[in-house]
Each structure stands twice: as structure tokens, then as C-alpha cells.
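1. fold the following.
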Amino acid sequence: MKRGQKKLVRYYFVCTGKDCLKRGAKELLDSLEQELPTISQFNTVVIKTKCIDLCKRGPLLVVDNVCYEKVDPKYLKKILKK
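-> Numbering: from 1, shown residues only. Take a look at the predicted model:
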């Protein structure tokens, strides 16, 4: 990266509504904390959201305006490689 050039920021939104928490949102947040430091091209921000109203499809992760459903740690790794 050249001097004075800023890193891009990528935002990760994780639904922490009651149903998503039951389906593994806490584990998803933990996995994000472990995996994100390995991504060096972006500054990253993880935002815990309230219910996104897709309760039966959780846990939910939204990245770059794409909503990923039923995200487990294995699926998370595939998402982060994109």
C-alpha cells in the first residue's frame, strides 16, 4: 500500500435477534473475531444488529449488501475467501 493511501473498510452485520442467537449467532460472532484478522486488505467493522426479520434462516450475516443465511463457521470461511 502506498503512503497516504487508505485501506477500504468492509462492514459485517450479524443479526443478534432472539431466534438468530438460538441458531448460533454468538458462535458466528466468535468465528468472525478469529477469522477477520487474517484479512489484511480491508479494515473491518462487525456490527451486531437487531432482528432482520428472516428468523427461520438464521444466523444471518450481511456483507456488501448480500445476506447470507444459516451461516456456520465452515460456511463463514467460504464467504470470507470471496
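2. ranges for the strands of the protein?
-> 8-15, 42-49, 61-63, 66-68 (DSSP state E).
3. so what's the residue nearest the centre of the chain up against?
-> For the chain, residue 12 is the residue whose C-alpha lies nearest the centre (Cα atoms, centre = their mean; 4.0 Å). Contact analysis of residue 12 by Cβ atoms under 8 Å, 6 or more residues apart in numbering lists 32, 36, 44-47, 61-63. Bear in mind the C-beta positions are built from the backbone N, C-alpha and C, glycine included.
4. let me know which of the strands of the chain is tucked in deepest.
-> strand 61-63 (a mean of 19; mean count of other Cβ atoms under 10 Å).
5. pull up the gap between residue 51 and residue 69, please.
-> From residue 51 across to residue 69, the span is 14 Å (Cβ to Cβ, to the nearest Å).
6. residue 24 now?
-> As for residue 24, its distance to residue 69 is 12 Å (criterion: Cβ to Cβ).
7. ok, now residue 50?
-> According to Cβ to Cβ, residue 50 and residue 69 sit 17 Å apart.
8. got it, and residue 75?
-> Applying Cβ to Cβ to residue 75 and residue 69 gives a distance of 9 Å.
9. apart from its neighbours in sequence, what residue is nearest residue 52?
-> Of all residues not flanking residue 52 in the chain, residue 15 sits nearest, at 4.6 Å (Cβ to Cβ, 6 or more residues apart in numbering).
10. for the one you found, name its beta-bridge partners.
-> Counting by DSSP bridges, residue 15 is bridged to residue 49.
11. surely it is in contact with residue 60?
-> Yes. Using Cβ atoms under 8 Å, residue 15 is in contact with residue 60, at 4.1 Å.
12. now the common contact residues for the two.
-> Joint contacts of residue 15 and residue 60 (Cβ under 8 Å, 6+ apart) are 25, 52, 54.
13. pLDDT weak spots in the protein?
-> By pLDDT under 70, the weakly predicted segments of the chain are 1-6, 40.
14. how near is the closest residue to residue 51 other than its chain neighbours to residue 59?
-> Once flanking residues are discounted, residue 51 sits nearest to residue 17: 3.2 Å by Cβ to Cβ, 6+ apart. Distance of residue 17 to residue 59, given as Cβ to Cβ: 9 Å.
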